[in-house]
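A.B. asks: any chance you can model this:
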Amino acid sequence: MLPNKINPYLTSSVLSLILVASVHAQSLRDPTLPSQGFQRAAMVNDQQGLVLNSVVNGAHSYAVINNKIMKVGDNVQGVRIVAIGKSHVSLSDGRKLQLFQSITER
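C.D. replies: Residues are numbered from 1 along each chain as shown. Predicted coordinates for the structure are as follows:
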């Protein structure tokens, strides 16, 4: 083989590799994206999903339940709030929602 001539087999091999790499690169997905079968899940707030976020006590007590401000007598998911304490809320169906204790308490 002469040094100034290009080998046709080498040229076709290199072009084939470039073509395959190009096609493969186009089929790659961003790994930070959800998988193709991913569907955004809707948040379902059923009666078991009540969360007491915070309580404000004073002349009128308020509770934040599922990120909504509520007072005694209000209904949340079909259940009436009957009492609001310092760290809990009592519901008409007998359940009691409790705040998590602070990590700084000892």
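A.B. asks: show me where this structure has strands.
C.D. replies: Secondary structure of the chain (DSSP state E): strands at 52-56, 62-65, 68-70, 75-76, 79-84, 88-91, 96-98.
A.B. asks: make a markdown table out of those and add mean pLDDT and mean neighbour count.
C.D. replies: Heads up, the C-betas are built off the backbone N, CA and C, glycines and all. Putting the strands of the chain into a markdown table (pLDDT from 0 to 100; neighbours: other Cβ atoms under 10 Å) gives the following:
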| stretch | mean pLDDT | mean neighbour count |
| --- | --- | --- |
| strand 52-56 | 91 | 15 |
| strand 62-65 | 93 | 20 |
| strand 68-70 | 93 | 13 |
| strand 75-76 | 93 | 14 |
| strand 79-84 | 95 | 16 |
| strand 88-91 | 94 | 18 |
| strand 96-98 | 92 | 14 |
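A.B. asks: format those as CSV; extra columns: distance to Pro8.
C.D. replies: Listed next are the strands of the chain as CSV, based on distance: least, Cβ to Cβ, whole Å:
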stretch, distance to Pro8
strand 52-56, 73
strand 62-65, 76
strand 68-70, 74
strand 75-76, 78
strand 79-84, 81
strand 88-91, 82
strand 96-98, 78
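A.B. asks: quick one: closest of these to Ser12.
C.D. replies: With Cβ to Cβ, the closest approach to Ser12 among the strands of the chain belongs to strand 52-56: 67.1 Å.
A.B. asks: direction included, what does the closest one pair up with?
C.D. replies: strand 62-65 (antiparallel) (DSSP bridges).
A.B. asks: since that was my last question, I'll sign off now.
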